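J.: quick check, what structure comes out for this input:
(one chain, ligands or ions: 1)
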Amino acid sequence: MTSEDYTLADVVALLVESGDKGPRSHRRAGEAPMPSVEILRGIVEDLRCVLFPGYFGPSEITPDTMPYYIGSTLDQLERKLADQINRGYCFVCDATTTERCSDCEKRAKTIAKKFITRLPEIREYLLSDVEAAYIGDPAAKTHGETIFCYPSIRALTNHRIAHELYKLGVDIIPRIIGEMAHSDTGIDIHPGATIGRSFFIDHGTGTVIGETCIIGDNVRVYQGVTLGAKSFPKGEDEMLIKGLPRHPIVEDDVIIYAGATILGRITIGREAVIGGNVWIVRDVPAGAQIVQTRALEQSFEHGAGI
Ligand SMILES: CC(=O)OC[C@H](N)C(=O)O
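T.: The predicted structure is shown next:
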């Protein structure tokens, strides 16, 4: 079919028609309002300001003004978050009765409040990540540099917020918050991943941490590390089974160097060191040091062999 054979009306008709087939691309008027990426971005940035005041948000903040700033920011944020959580429920809900919707609204308010009470603990974890970045990277001159500049701290701030919402049963919003950090930093952490204290991802670009990963305390990884799934089992309906534990468990004090690919529900034992660019699909015992086989020495003439 060439462009001469089609009128605009044909194209419109096809787009209207096909949107209701298979996975629907259309949402209809009257369906619940969508979560807003823009408002969620504002909420996450406000949370960054509250978690690290002075670094983000107004820099002229003083010890005197801080309580008012934090209090007022959180007061407004809680309402905006409750609305977005409700929209998240609506996003996955196929109920049309107002009865269920009003229940979701009430539930969203309760969850937003609960989330706010978890912020001191989230900050405690983030400060341990800041310390890990500072002591783990000779290039970090101050703790503040890691808070303000490091992709690891940016991604982990989003992750620790998203993970808390995930644990509270919030739909879709945690995923949006995780994907914001993915776009900003190149670090892709699924909100379901459980990450202990003092975690540091140096450089970070291209690092992927899957949904069911469990990472202990004091773990350091570098850019391009994949903590992924090995296989995708199907159910009787031939569809992939969702939610199975399928990503690695990384115990305390492990270091994983750049480009390592670690797949499946395997355990990397405590204090193990995984060298760069290795492929691992079996358990690694505690304290082991894993390296790839020695690179071959070879001569290249006119690009041969490359
Ligand atoms: C990180 C990873 O393994 O991704 C593969 C797939 N998205 C999954 O969650 O299983």
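J.: any idea how far residue 276 is from residue 165?
T.: 34 Å (CB to CB, to the nearest Å). Bear in mind the C-beta positions are built from the backbone N, C-alpha and C, glycine included.
J.: so for the two, which sits in the more crowded spot?
T.: residue 165 (26 against 15; other CB atoms under 10 Å).
J.: how far away is the more buried one from the ligand?
T.: Separation of residue 165 from the ligand (CB to the nearest ligand atom, to the nearest Å): 18 Å.
J.: can you count the residues close to the residue of the stretch 1-150 of the chain found nearest the ligand?
T.: Closest to the ligand within the stretch 1-150 of the chain is residue 23: 17.0 Å, counting by CB to the nearest ligand atom. Counted with other CB under 10 Å, the neighbours of residue 23 add up to 5.
J.: and it, what are its phi and psi?
T.: Backbone geometry at residue 23, expressed as degrees, to the nearest 10, gives phi -70, psi 120.
J.: identify the residue nearest the residue in the stretch 51-200 of the chain that the ligand sits nearest to in space, chain neighbours excluded?
T.: With CB to the nearest ligand atom, the shortest gap between the stretch 51-200 of the chain and the ligand falls at residue 190, namely 6.7 Å. Spatial nearest neighbour of residue 190, chain neighbours left out: residue 211 (4.0 Å); criterion: CB to CB, 6 or more residues apart in numbering.
J.: thought the one you found was touching residue 188?
T.: No. Residue 211 lies out of contact with residue 188 (CB atoms under 8 Å); the separation is 11.0 Å.
J.: domain parsing for this structure?
T.: Per the record, the chain has its domains at 27-186, 193-294, by the TED database.
J.: okay, those domains in CSV with mean pLDDT next?
T.: Listed next are the domains of the chain as CSV, based on pLDDT from 0 to 100:
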stretch, mean pLDDT
domain 27-186, 93
domain 193-294, 96
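J.: export these as a markdown table, with columns for distance to residue 12.
T.: Below are the domains of the chain laid out as a markdown table (distance: least, CB to CB, whole Å):
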| stretch | distance to residue 12 |
| --- | --- |
| domain 27-186 | 17 |
| domain 193-294 | 33 |
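J.: list, one by one, the residues from the chain near the ligand.
T.: 208, 210, 211, 228, 229, 246, 247 (CB under 6 Å from any ligand atom).
J.: list the ones among those that fall in strands.
T.: 208, 228 (DSSP state E).
J.: ok, the residues of the chain next to the ligand vs residue 235, which is closest?
T.: residue 246 (14.1 Å; CB to CB).
J.: ok, the closest residue to that closest one other than its chain neighbours - contacts?
T.: Using CB to CB, 6+ apart and skipping residues adjacent in sequence, the residue nearest residue 246 is residue 229, 4.0 Å away. Applying CB atoms under 8 Å, 6 or more residues apart in numbering, we find residue 229 in contact with 210, 246, 247, 263, 264.
J.: let me have those in TSV, extended by neighbour count.
T.: Shown next, in TSV, are the contacts of residue 229 (neighbours: other CB atoms under 10 Å):
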residue	neighbour count
210	18
246	19
247	27
263	19
264	16
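J.: and which of these is nearest to the ligand?
T.: For the contacts of residue 229, the nearest to the ligand is residue 210 (3.2 Å; CB to the nearest ligand atom).
J.: next, the contact list for the nearest residue to the closest one once chain neighbours are set aside, please.
T.: Of all residues not flanking residue 210 in the chain, residue 247 sits nearest, at 3.7 Å (CB to CB, 6+ apart). For residue 247, the contact set (CB under 8 Å, 6+ apart) comprises 193, 209, 210, 211, 212, 213, 227, 228, 229, 264, 265.
J.: go again with 7 Å.
T.: 210, 211, 212, 213, 227, 228, 229, 265 (CB atoms under 7 Å, 6 or more residues apart in numbering).
J.: and residue 173, by the same measure?
T.: 35, 40, 84, 85, 88, 165.
J.: helices along the protein, start to end?
T.: Ranges of helices within the chain are 8-18, 37-51, 66-92, 98-117, 119-136, 143-149, 151-167, 173-185, based on DSSP state H.
J.: hmm, residue 159 is touching residue 190, no?
T.: No. Look at residue 159 against residue 190 with CB atoms under 7 Å: they stay out of range, at 8.8 Å.
J.: so what sits against both of the two?
T.: residue 178.
J.: more neighbours: these two, which one.
T.: Just comparing residue 159 and residue 190: by other CB under 10 Å the higher neighbour count belongs to residue 159, 27 against 22.
J.: for residue 41, what are its contacts?
T.: Neighbours of residue 41 in contact, by CB under 7 Å, 6+ apart: residue 180.
J.: I'd like to know how far it sits from residue 184.
T.: On the measure of CB to CB, residue 41 and residue 184 end up 10 Å apart.
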